[in-house]
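In: structure for the following, please:
(one chain, ligands or ions: 1)
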Amino acid sequence: MRIVRFVTLRYEEPLFDWERDPSHPRGSWGLLVDNLVYPMDRAPYFDVGSDGVIKPILSIGAYTLDEVRLLAPVTPSKIACVGRNYAEHAAELGNDVPPEPLIFLKPPSSLIGPGEEVVYPAISERVDHEGELAVVISRRCRNVGEKDALSYVFGYTIANDVTARDLQKKDGQWTRGKGFDTFAPVGPWIDTTFDPADRIVRCLVNGEVRQQSTTALMIYSIPRVIAHISRFMTLEAGDLIMTGTPSGVGPVKPGDIMTVEVDGLGSLSNRVVAER
Ligand code: MG
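Out: Next comes the predicted model:
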């Protein structure tokens, strides 16, 4: 099942009044079936039954994909990310593999959807792409064991952990380098039945492959990462986890188009533009 968030092109505004909540600006939830978007009247992860099956509540008639603009398919309270979760990527930046999952946060204000522009900050001289598989949490999760962790997963999507590498190094803390507005492209949908085992993750810049690896090479598995995070932080329904980027990260410049692909999940493209 594929879940999207969208605005209709005709009105560019949400379908439901409750969506005007400024903490979740614009957009409606929808179920994507055969290129048709069926609006849903609330966030889908509230409808996951104890059996793990989603019971979507549909409302009015469907739109074609031509009639909508897709937004980031998530409204997380936080975005937790794993650093250095592929050995070759840790090595390429001169870092050791961390002895336990290395977690940092990106602010929800950094989120953008498919096709939206990533703004290259005037104060950075090195902005990198980082293609990643991302996990969406289905229900409140605290102190969960590895064995049960996957029962808290709502589905999977694609992310680009855009990073101002120079500021990340300069600050020591990663918040600024990772946290600029537009530095978290996510989408185009959440797939609730995707199997993340041994999937190719690829990042292209202007059509040229820059990163290509498989999720089988993650150092810390998705259950391990969820268990680790939930030991210190309550994960809420809709929270997003970026699982780390493989080797091949590198700089982009204004005008470039970054495309992240995860086999079986789809592709996410965003153009880089200079800060005005
Ligand atoms: Mg990353």
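
In: which non-adjacent residue is nearest Met1?
Out: Thr192 (4.5 Å; CB to CB, 6 or more residues apart in numbering). From N, CA and C alone the C-beta is placed, and that goes for glycine too.

In: who touches that neighbour in this structure?
Out: Going by CB atoms under 8 Å, 6 or more residues apart in numbering, Thr192 touches Met1, Arg2, Ile3, Ile54, Phe154, Gly155.

In: mind checking what secondary structure the third one has?
Out: Assigned state for Ile3: strand (three-state reduction, DSSP: H, G, I helix; E, B strand; the rest coil).

In: what number of residues lie near it?
Out: By the criterion of other CB atoms under 10 Å, Ile3 has 24 neighbours.

In: check contacts around it.
Out: By CB under 8 Å, 6+ apart, the neighbours of Ile3 are Trp29, Gly30, Leu31, Leu32, Met40, Pro44, Pro73, Gly155, Trp189, Ile190, Thr192.

In: where's the fifth one relative to Arg5, distance?
Out: For Met40, the distance to Arg5 under the criterion CB to CB, to the nearest Å works out to 10 Å.

In: which neighbours do those two share?
Out: Ser28, Trp29, Gly30.

In: that older thread, more crowded one of Met40 and Arg5?
Out: The neighbour comparison of Met40 against Arg5 (other CB under 10 Å) goes to Arg5, with 29 against 22.

In: and that one, how far is that from Gly255?
Out: In terms of CB to CB, Arg5 sits 27 Å off from Gly255.

In: for the residue of the stretch 51-200 of the chain found nearest the ion, give me its contacts.
Out: Closest to the ion within the stretch 51-200 of the chain is Asp161: 3.4 Å, counting by CB to the ion. The contact partners of Asp161, taken as CB under 8 Å, 6+ apart, are Cys81, Lys106, Glu130, Glu132, Lys178, Phe183, Ala184, Met242, Thr245.

In: give the closest residue to it in space, chain neighbours not counted.
Out: In this structure, Asp161 finds its nearest non-sequential neighbour in Glu130, 3.9 Å apart by CB to CB, 6+ apart.
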